[in-house]
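**Student:** for reference, the sequence and a predicted model appear below.
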Amino acid sequence: MNIDNTFIFITLLVGIGAIQSALENLLLFIKLPNIANYPLNQGILKSKLANGFRYFYNSPGVWILLILRLLLGFLVLLQCYYKEVHFIPILFLLIIDQIAFPRWKFFPVSESPLQRVLLIGIMFHSLFPTEQVSIIILTAISLFLCLAYFASGYKKSESKSWRNGARMINFAEESSFPFKGKHEFWKYFGFLVILFECSFFLGLAFKQLAIVFMIIGFLFHAFLYVRYNYSFFFWTFIACYPAVYFVSVQINELIVTVFFT
């Protein structure tokens, strides 16, 4: 997979995520209109800049932003189809996410720092489509993903409920799984989650290991997607995987060249 195809794949996944999260929020607001209609109080909007965009935090402005995000998502998919990704739709997606953050931060489909990295990376690739710049961007995306995983795993490792398995045992008891009641299984499973997150960065050095980690990560995020409706995080994290694969191939080829030729 070359550089251009890698960015097309990343952009495609980002566009799908934008469409789905916008649709989910629209359906939620239609079903429970009070969520979108209640005005945010002054305490939430602490800066003058934030107050300047107050119209977009409340109804009907927040509805307008959601519709715009939905339309931009479809426009991004259309650009991916024609393999011509321009920075303007990506820039507006980034701006919309930042403007609407004071309201969307209360929901699981709120913006993520990792998504900002993806959007900024796509924009820079569109503006400066050179090989050197593109490789730097893909490397940065991969490192941010590894850092996000490692930080999550490290935080879990410091938690007593994760170390003794209580967190995973409680999670299993609340769900209908075949291994419900198998406390030893869930204790070790929790350890494997921490191990996966803390060692994900090793996939950058080994292409085969990267594939294994990405398959595990896909299943992990897909499970959270289905079980807890964390669709936004699913698309955001999965959108980073093409960058991880590309970087792992480059590093793997470098290692072979330096040490085995």
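**Tutor:** Looks like it came in fine.

**Student:** low pLDDT regions in the chain?
**Tutor:** The chain contains residues with pLDDT under 70 at 35-52, 101-111, 172-183.

**Student:** try it again at 90.
**Tutor:** 1-2, 20-66, 83-85, 94-116, 129, 152, 156-194, 205-207, 220-235, 252-261 (pLDDT under 90).

**Student:** the closest residue to residue 3 other than its chain neighbours sits in which helix or strand?
**Tutor:** In space, and not counting its chain neighbours, residue 3 is closest to residue 134: 4.7 Å by CB to CB, 6 or more residues apart in numbering. (Each C-beta comes from the backbone N, C-alpha and C, glycine too.) When secondary structure is defined by DSSP states H and E, residue 134 falls within helix 131-158.

**Student:** in that helix, what's buried?
**Tutor:** By neighbour count, with 16 or more other CB atoms under 10 Å as the criterion, the buried positions of helix 131-158 are 134, 137-146, 148-149, 152-153, 156.

**Student:** check which element follows it along the chain.
**Tutor:** helix 160-163.

**Student:** pull the distance from stretch 77-94 to the chain's centre.
**Tutor:** Put simply, stretch 77-94 sits 18 Å off its chain's centre (CA atoms, centre = their mean, to the nearest Å).

**Student:** to clarify, my last question referred to stretch 6-25.
**Tutor:** Averaging C-alpha positions (CA atoms, centre = their mean) puts stretch 6-25 10 Å from its chain's average.

**Student:** between helix 131-158 and the strand or helix carrying residue 118, find me the angle.
**Tutor:** Secondary structure assignment for residue 118, by DSSP H and E: helix 113-127. Orientation check (axes from the mean of the first three to the mean of the last three CA atoms, to 10 degrees): helix 113-127 against helix 131-158 gives 180 degrees.

**Student:** which elements pack onto helix 113-127?
**Tutor:** Secondary-structure packing of helix 113-127 (3 or more CB pairs under 8 Å, 6 or more residues apart in numbering; DSSP states H and E): helix 3-31, helix 87-99, helix 131-158, helix 231-239.

**Student:** list the buried residues in it.
**Tutor:** Neighbour-count burial for helix 113-127 [16+ other CB under 10 Å]: 114, 115, 117, 118, 119, 120, 121, 122, 123, 124, 125, 126.

**Student:** what domains does the record give for the protein?
**Tutor:** Listed domain ranges for the chain are 1-129, 130-261 (source: automatic domain parsing).

**Student:** any idea how far apart the tips of the longest one sit?
**Tutor:** Across its full length, domain 130-261 reaches 28 Å between end residues, using CA to CA, to the nearest Å.

**Student:** the first one too?
**Tutor:** End-to-end distance of domain 1-129 (CA to CA): 16 Å.

**Student:** same check, this time on stretch 197-212
**Tutor:** Using CA to CA, the end-to-end distance of stretch 197-212 comes out at 13 Å.
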